[in-house]
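J.: no FASTA, just this:
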């Protein structure tokens, strides 16, 4: 078993497991996203560390039976590694809810603090928090606490960037790994539960025009394709 205090250049084992978990698929299902394999270069980019640091940690994860190679450069969890990564992600989401519901942090701010605090909570502490919170269904950003429920829900979801003009949808989840972008979502009103209508898509310009329906009425907003990829939505039938 890997010790939670093991770090490579400022990042813990848990940080790496969480990064790989999200790189496997933008909606968290353990299956490589088409054309976007989870590899060392993408882990380095996501965590902001050198490839050498990533290589060191990946070797450690492999030695401890959490990670394997698929014969190429793509990273693949072992059964034990997948279970460990899911535990890390679940704990992170519960801690986020504790920070927002009990300590009054903003949803975006809670994500950053949960990253820093994750290693400080034992599994027993996390379960006690979960009980005190009343066993919440979702984290502040719309992700199911339970990995099983997350996977069951994935089939009906897609990124906003995959929609076309005329589509209507509801925002269910916000991709969290880019802290600046997460803050932008909240500042601009792209929060879980918001309903959107896609008015126009301009692939050449790299943006979409959407209509947001909020408490103060409807507003139109341009959104870059990068940001649209991080908004996980359920399209209206």
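T.: That came through fine. Fair warning: this is a prediction, and the values are worked out from it, not measured in the lab.
J.: Contacts for stretch 176-188, please.
T.: 19, 22, 46, 106-108, 111-112, 141, 143, 174-175, 190-191, 221, 226-227, 230-231 (CB atoms under 8 Å, 6 or more residues apart in numbering). C-beta: built from backbone N, CA, C; applies to glycine.
J.: From these, which land in strands?
T.: Residues of the contacts of stretch 176-188 located in strands (DSSP state E): 174, 221, 231.
J.: Any quick ChimeraX command for the buried ones out of these?
T.: Command for ChimeraX, covering only those of those found buried under the criterion 16 or more other CB atoms under 10 Å:
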select :174,231
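J.: Now, of the contacts of stretch 176-188, which are buried?
T.: Buried, going by 16+ other CB under 10 Å: 19, 22, 46, 107-108, 111-112, 141, 143, 174-175, 190-191, 227, 230-231, out of the contacts of stretch 176-188.
J.: which one of these is nearest residue 160?
T.: Taking CB to CB as the measure, residue 231 is the one of those closest to residue 160, at 4.1 Å.
J.: and the closest residue to the closest one other than its chain neighbours, how many residues sit next to it?
T.: The shortest distance from residue 231 to any non-neighbouring residue, by CB to CB, 6 or more residues apart in numbering, is to residue 160 (4.1 Å). Neighbour count for residue 160, taken as other CB atoms under 10 Å: 23.
J.: you'd agree residue 160 is up against residue 169?
T.: Yes. Contact criterion CB atoms under 8 Å: residue 160 and residue 169 qualify, at 6.9 Å.
J.: shared neighbours, these two?
T.: What both residue 160 and residue 169 touch, as defined by CB under 8 Å, 6+ apart, is the set 196, 198, 233.
J.: Let me know the closest of those residues to residue 90.
T.: Out of the shared contacts of residue 160 and residue 169, the member with the shortest distance to residue 90 (by CB to CB) is residue 233, at 22.7 Å.
J.: Can you verify the closest one is assigned to a strand?
T.: Yes. Residue 233 sits within a strand when classified using DSSP: H, G, I helix; E, B strand; the rest coil.
J.: Now it: closest residue in space that isn't a chain neighbour?
T.: Nearest to residue 233 is residue 169, by CB to CB, 6+ apart, at 4.0 Å.
J.: which residues touch the one you found?
T.: 160, 163, 195, 196, 198, 233, 234, 235, 236.
J.: ok, now residue 213?
T.: 194, 195, 196, 197.
J.: Only whichever of those are buried, select them in PyMOL.
T.: In PyMOL syntax, the buried subset of the contacts of residue 213 is picked out as below (16+ other CB under 10 Å):
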select buried, resi 194+196+197
